[in-house]
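Engineer: Predicted coordinates and the sequence they were generated for:
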Amino acid sequence: MQMDNFAQALYALKRQRIAVERTLGAGTTEECVVASRWVTAWQKLVQARLDQDLASPVQNRRFVDRKTGQYLH
């Protein structure tokens, strides 16, 4: 489950980057507005996935030393 959240956040972050590129390259105001809405939507999804990841127990995190149980930065 932990890796799923990370993979989903990574996917959403890539899609957000693409939306930003579309915003910057938009030919019309309407295209820019639509693309910027996608940027906002993807950013919210990225943040939700990361918040969900942080809310999970420390034992399930990717960077925990399984021998000592310490969280690795």
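Structural biologist: Perfect, I can see it now. Numbers count the residues shown, from 1 in each chain.
Engineer: Can you get me a residue count around residue 44?
Structural biologist: By the measure other CB atoms under 10 Å, the count of residues near residue 44 is 12. Glycine gets a C-beta too; all of them are placed from N, C-alpha and C.
Engineer: where's it, which helix or strand?
Structural biologist: Assigned by DSSP states H and E, residue 44 falls within helix 29-55.
Engineer: A helix includes residue 26, no?
Structural biologist: No. With DSSP: H, G, I helix; E, B strand; the rest coil as the criterion, residue 26 is coil rather than part of a helix.
Engineer: Distance check, the closest residue to it other than its chain neighbours against residue 15.
Structural biologist: Of all residues not flanking residue 26 in the chain, residue 32 sits nearest, at 3.9 Å (CB to CB, 6 or more residues apart in numbering). Distance, residue 32 to residue 15, by CB to CB, to the nearest Å: 17 Å.
Engineer: one step back: what count of nearby residues applies to the residue nearest to residue 26?
Structural biologist: 15.
Engineer: cool, residue 16 as well?
Structural biologist: 19.
Engineer: What is the neighbour count of the residue nearest to it when sequence neighbours are not counted?
Structural biologist: Excluding the flanking residues, the one nearest residue 16 by CB to CB, 6+ apart is residue 42, at 3.6 Å. Counted with other CB under 10 Å, residues neighbouring residue 42 total 20.
Engineer: And residue 42, what's its pLDDT?
Structural biologist: Note on residue 42: pLDDT of 86.
Engineer: Do I have it right that it meets residue 11?
Structural biologist: No. Taking contacts as CB atoms under 8 Å, residue 42 lies outside contact range of residue 11: 9.5 Å.
Engineer: Buried ones in stretch 38-57, by neighbour count?
Structural biologist: 38-39, 42-43, 45-46, 49-50, 53 (16 or more other CB atoms under 10 Å).
Engineer: want to throw the residues you listed into TSV with distance to residue 25?
Structural biologist: Putting the buried residues of stretch 38-57 into TSV (distance: CB to CB, whole Å) gives the following:
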residue	distance to residue 25
38	13
39	13
42	16
43	18
45	22
46	21
49	26
50	27
53	31
